[in-house]
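In: coordinates only, no sequence provided:
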């Protein structure tokens, strides 16, 4: 099958950059970001210590996710945490069987991604999505002008397998980002 056909994940309409919107002084959230169909989270009394002491953020044990005995129950916990909380804590004390250099590499890639998002808008615009494509910087799967939007920007790029990578994009990345991303995929 043709590599171009494999990497065509659809397109996305171009929308305003969320980081730039957040820098503006706005008094109301733009309507495209409001989701009245979703239930508001319950409010907590921040003046009451008892409210916080009764909250237990879900803790997911990666060891259990890979072990046959308790994998199903841990997957249920993970599903519930994502659905009900939107986030969770992770216990990786034993599950990550990586050398320190590999852990450093993961952290370095995370730092490089953050640095990318901290670039001035003029720099990030060089990586803005092109019409009909979701790879690059922007938002994915925006298909109509009325569609509700996520209050987030993203950078999406296929890196492996290398034959699916868009050759024009990888070389344009900032040098340190490109280096650590390349090193990460080699590992």
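Out: Okay, I see it. Please read these numbers as outputs of a predicted model, since none were measured by experiment. Numbering: from 1, shown residues only.

In: centroid-nearest residue for the protein?
Out: residue 154 (6.6 Å; Cα atoms, centre = their mean).

In: now do the longest helix along the chain: which elements does it pack against?
Out: Looking across the chain with DSSP state H, the single longest helix is helix 100-118. Judged by 3 or more Cβ pairs under 8 Å, 6 or more residues apart in numbering; DSSP states H and E, the packing partners of helix 100-118 are strand 154-156, helix 175-186. No exception for glycine: its C-beta is placed from N, CA and C like everyone else's.

In: quick revisit: just the pLDDT for the residue nearest to the centre of the chain.
Out: pLDDT recorded at residue 154 is 88.

In: check the burial of the nearest residue to residue 17 once chain neighbours are set aside by counting its neighbours.
Out: Using Cβ to Cβ, 6 or more residues apart in numbering and skipping residues adjacent in sequence, the residue nearest residue 17 is residue 153, 6.0 Å away. For residue 153, the count of nearby residues is 18 (other Cβ atoms under 10 Å).

In: and for residue 28?
Out: For residue 28, the tally of surrounding residues (other Cβ under 10 Å) stands at 6.

In: so it: helix, strand or coil?
Out: Using DSSP: H, G, I helix; E, B strand; the rest coil, the structure places residue 28 in coil.

In: so for it, what's the pLDDT?
Out: 84.

In: so residue 136 touches residue 130, yeah?
Out: Yes: assessed by Cβ atoms under 8 Å, residue 136 is found in contact with residue 130 at 6.8 Å.

In: mind listing the strands for this protein?
Out: 59-61, 89-91, 136-138, 154-156 (DSSP state E).

In: low pLDDT regions in this structure?
Out: Applying pLDDT under 70 to the chain picks out residues 1-8, 39-55, 66-68, 92-103, 186-187.
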